[in-house]
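**Q** One predicted model, sequence on top.
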2 protein chains.
Amino acid sequence: MALFLSTFINKVDRKGRVSVPAPFRAAVRGQSFKGIVAFRSYREATIEACAMDRMERLSQSVDALDQFSDEQDELASTIFADAHQLPIDGDGRIVLPALLAAHAGITTAAAFVGRGETFQIWNPEAFERHQAEARARAGRRNATFRLAPRDGDK
Amino acid sequence: MALFLSTFINKVDRKGRVSVPAPFRAAVRGQSFKGIVAFRSYREATIEACAMDRMERLSQSVDALDQFSDEQDELASTIFADAHQLPIDGDGRIVLPALLAAHAGITTAAAFVGRGETFQIWNPEAFERHQAEARARAGRRNATFRLAPRDGDK
DNA sequence: TGGGATCATCTGGGATATCATGGGATATAA
DNA sequence: TTATATCCCATGATATCCCAGATGATCCCA
């Protein structure tokens, strides 16, 4: 499994194009769809993104819910309806849909922020503020977290 | 597996024709029937739609329920009896049957809303309201849900 | 260790193809 | 025929592809 790590800031040109950081591109190579899937975060002013295989697993999870249930409807409306398939062009770039860029307040530059299996795309200044706050909170409550067991462990 | 993702708004001309978004067309290419299957949603004022292979699988699921049960009878009559096969013409368009368009309140424009393995066709304004409500609910209860396990995991 | 060459990545602009959409012509059915 | 539905073509807008320059990193060799 490929992971999205670190933070990269790239420019957005007047056509709305932006280079996907090379390490992120490597993470989506070998997928059925050679691009990324992006949608508006419903919690913050940022774009959530992942590789296609994650969306496919998401689709299976949604299908496991009762067909036509409220919960299923909500997830479908907030995630699939809002998701954009963004193909990566020959030069390693994507075009940010205007709706997504507006939601994240992105105009001339975009910060690609790795989060493991997913990543976010922020307005660089907004991300810096968000990052500072998150670090402060974590420090205050001395945050720790558990590792998932290794494959094969019980 | 190809998924229906994102939302596209296209115009309906005076003949009742509307372009199927190109990414959705790609998702039904390579199917036995090169078109879409559409039927009235029984929960909301929208049209439910999918590719033919999903109808075939749905048929198998229904067969697995008790024969002659109320549930089977309901599904069969509300979905299969109401389903329309809509062929895609040479220019990538379908004609919306008047009955379906009326049910969804569609007149001059239609919103194609991806939901993973299926999609919906809405009156654009009605969908915007529906979408806003779903996002609000999701944000309020901080919706998260489990991903299906990855292939090979236990 | 330092300098230089090579390579990959990021960026911008122009040419090209695709898509959505309207109108008209042709086929089909009552 | 009359009405309805399907096919075919034209157009404008948009998105995609292709090429070239700039920047920075890595590698190699002295």
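**A** Looks like it came in fine. Numbers count the residues shown, from 1 in each chain, chains lettered A, B, ... in the order given.
**Q** Starting from DNA strand C, give me the distance back to A:Ser77.
**A** Per Cβ to the nearest atom of the strand, to the nearest Å, A:Ser77 is found 21 Å from DNA strand C. Where C-beta positions appear, they are placed from N, C-alpha and C, glycine not excepted.
**Q** what sits against that residue?
**A** Residues near A:Ser77 by Cβ atoms under 8 Å, 6 or more residues apart in numbering or on different chains: B:Val113, B:Arg115, B:His130, B:Gln131, B:Ala134, B:Arg135.
**Q** ok, now A:Asp13?
**A** Shown in contact with A:Asp13 (Cβ under 8 Å, 6+ apart): no residues.
**Q** Phi, psi for it please.
**A** phi -80, psi -180 (degrees, to the nearest 10).
**Q** From the chain's centroid, how far away is stretch A:99-114?
**A** 11 Å (Cα atoms, centre = their mean, to the nearest Å).
**Q** For that stretch, measure first residue to last.
**A** 22 Å (Cα to Cα, to the nearest Å).
**Q** near DNA strand C, anything from it?
**A** No - Stretch A:99-114 does not reach DNA strand C (Cβ under 7 Å from any atom of the strand); its nearest approach is 7.6 Å.
**Q** so does that stretch get close to chain B?
**A** No - against chain B, stretch A:99-114 shows no contacts by Cβ under 8 Å from any Cβ of the partner chain, the least distance being 9.1 Å.
**Q** average model confidence for that stretch?
**A** Averaging the model's pLDDT scores along stretch A:99-114 yields 96.
**Q** quick one: buried residues of that stretch?
**A** A:Leu100, A:Ala101, A:His103, A:Ala104, A:Ile106, A:Ala110, A:Ala111, A:Phe112, A:Val113, A:Gly114 (16 or more other Cβ atoms under 10 Å in any protein chain shown).
**Q** For chain A, which segments count as helices?
**A** Counting by DSSP state H, chain A has helices at residues A:22-28, A:52-64, A:70-75, A:98-104, A:124-140.
**Q** ok, of those, where does mean pLDDT dip lowest?
**A** helix A:70-75 (a mean of 80).
**Q** how about the contacts of A:Ser77, which pair is most distant?
**A** Of all pairs drawn from these, the greatest distance, 14.8 Å, lies between B:Arg115 and B:Arg135 (Cβ to Cβ).
**Q** who's more crowded, these two?
**A** B:Arg115 (23 against 18; other Cβ atoms under 10 Å in any protein chain shown).
**Q** Thank you, goodbye.
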